[in-house]
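Generate a structure from the sequence data that follows.
(chains A, B, C and D)
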Number of protein chains: 2
Amino acid sequence: MNPIFHALFQKNRYLTNCLNEVLKQHHLYSSQWTILYCLHKNGPMTLTQIWKYLNVEAPSITRAITRLEALGWVQRLDGEDKREKIVTLSAQAEERLPAITATILAFEEEMVGSLTAEEQEQLLKLLEKMKG
Amino acid sequence: MNPIFHALFQKNRYLTNCLNEVLKQHHLYSSQWTILYCLHKNGPMTLTQIWKYLNVEAPSITRAITRLEALGWVQRLDGEDKREKIVTLSAQAEERLPAITATILAFEEEMVGSLTAEEQEQLLKLLEKMKG
DNA sequence: AGTATTTATTTAGCTAGGTAAATAAATTTA
DNA sequence: TAAATTTATTTACCTAGCTAAATAAATACT
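Numbering: from 1, shown residues only, chains lettered A, B, ... in the order given. Below you'll find the model as predicted:
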């Protein structure tokens, strides 16, 4: 196994686990947070807009939104085009997002803190240069 | 979301999907292959040795081994310590592994090919330097 | 020796990704 | 306009990670 792949897969698992750990205090999983952040940044979105933006398949988003709706983080509204559902953040979500974002920023800072600013830039550049 | 995290998560998903695609011809999933490779490299191992080596929790390995056993890739043998199960590659697996390894090497080469040798080294170094 | 603790594996159940196929609404085409 | 195709979402089911708790064997303790 190419050591780059190995390192990338391991790091991915490690970071996801840490992120989930840190998000426990807000009763969220990392993927749920990703969707909330996406909606916060872009405003109301259809399911299709969300999964295309996050580069994930539709059923993953349907499932995640169903749970987020049940937990009161988002609402599904009918669009003008009656095939589509428009997802919006709830008032509760809007209220809580600043604290969650602060948690995330601190976490990211800590994780990336072992690299200098140049190294961070380098790493990002190299990841993006890899095929795909 | 820190762009490094975003890039890393996206790349991880992309590479896993590609790897699964490439492994279809051998009727394997990427995680199954990881375990076969691990056994090929280290010889017979207990479940605990496998999950510690792969840095994954025990139940993931139990499940994967159960499937690999049902498919004829591995066998579970009782150890001297009767709590532990020793996992060995089947003859069929030994026979097929060279072809699979060739597929994997070609795939890895292709994926990593957009980077120069120095860039690959750099990327690995930076990934490993990140916390965790 | 008998009890308590540790260790290896498994089971149950959760999130999160994937594909394939069903359904319903909108759009295109004959 | 009626039929065919496309598009948005959902459902069903697969792998793959996780935690918590059950079970069984080995080890440590009194």
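
isn't A:L47 right next to A:K85, touching?
Yes. Because the distance of 5.8 Å satisfies CB atoms under 8 Å, A:L47 is recorded as touching A:K85. The way it works is simple: take the backbone N, C-alpha and C, and place the C-beta from them, glycine included.

For the residue minimising distance to the centre of chain A, what is the enclosing helix or strand?
Nearest to the mean C-alpha position of chain A, counting by CA atoms, centre = their mean, stands A:T34 at 1.6 Å. Taking DSSP states H and E as the definition, A:T34 sits inside helix A:30-42.

so how far is that helix off the chain centroid?
5 Å (CA atoms, centre = their mean, to the nearest Å).

Check whether it comes near DNA strand D.
No. Helix A:30-42 lies out of reach of DNA strand D by CB under 7 Å from any atom of the strand, never closer than 10.9 Å.

If we go by neighbour counts, what in that helix is buried?
Buried residues in helix A:30-42, counted by 16 or more other CB atoms under 10 Å in any protein chain shown: A:S30, A:S31, A:Q32, A:W33, A:T34, A:I35, A:L36, A:Y37, A:C38, A:L39.

looking at it, the fifth one is touching B:M1, isn't it?
Put plainly, it is A:T34. Yes. Counting by CB under 8 Å, A:T34 does reach B:M1; the two are 7.2 Å apart.

What residues does chain A have near chain B?
Applying CB under 8 Å from any CB of the partner chain, we find that chain A lies next to chain B at A:1-5, A:7-16, A:18, A:34, A:37, A:55-56, A:104, A:108, A:110-115, A:119-120, A:122-124, A:126-132.

For DNA strand C, tell me which of the residues you listed show up nearby.
Intersecting the residues of chain A next to chain B with the surroundings of DNA strand C, defined as CB under 7 Å from any atom of the strand, gives A:T34, A:N55, A:V56.

Now the first one: closest residue in space that isn't a chain neighbour?
Read that as A:T34. A:L54 (6.5 Å; CB to CB, 6 or more residues apart in numbering or on different chains).

Could you export stretch A:43-60 as PDB, CA atoms only?
Presented in PDB, the C-alpha positions along stretch A:43-60 are these (Å, rounded to 0.1, in the frame of the first residue of the first chain):
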ATOM      1  CA  GLY A  43     -28.800  30.100   2.800                       C
ATOM      2  CA  PRO A  44     -31.800  27.800   1.900                       C
ATOM      3  CA  MET A  45     -30.900  25.100  -0.500                       C
ATOM      4  CA  THR A  46     -32.600  22.200  -2.300                       C
ATOM      5  CA  LEU A  47     -31.400  18.600  -1.500                       C
ATOM      6  CA  THR A  48     -29.700  18.500  -5.000                       C
ATOM      7  CA  GLN A  49     -27.900  21.700  -4.400                       C
ATOM      8  CA  ILE A  50     -26.600  20.300  -1.100                       C
ATOM      9  CA  TRP A  51     -25.300  17.000  -2.300                       C
ATOM     10  CA  LYS A  52     -23.700  18.500  -5.400                       C
ATOM     11  CA  TYR A  53     -22.000  21.100  -3.200                       C
ATOM     12  CA  LEU A  54     -20.800  18.500  -0.800                       C
ATOM     13  CA  ASN A  55     -19.800  16.100  -3.500                       C
ATOM     14  CA  VAL A  56     -21.800  13.200  -2.000                       C
ATOM     15  CA  GLU A  57     -24.700  11.100  -3.400                       C
ATOM     16  CA  ALA A  58     -28.300  12.100  -2.900                       C
ATOM     17  CA  PRO A  59     -29.400   9.300  -0.500                       C
ATOM     18  CA  SER A  60     -26.800  10.300   2.100                       C
END
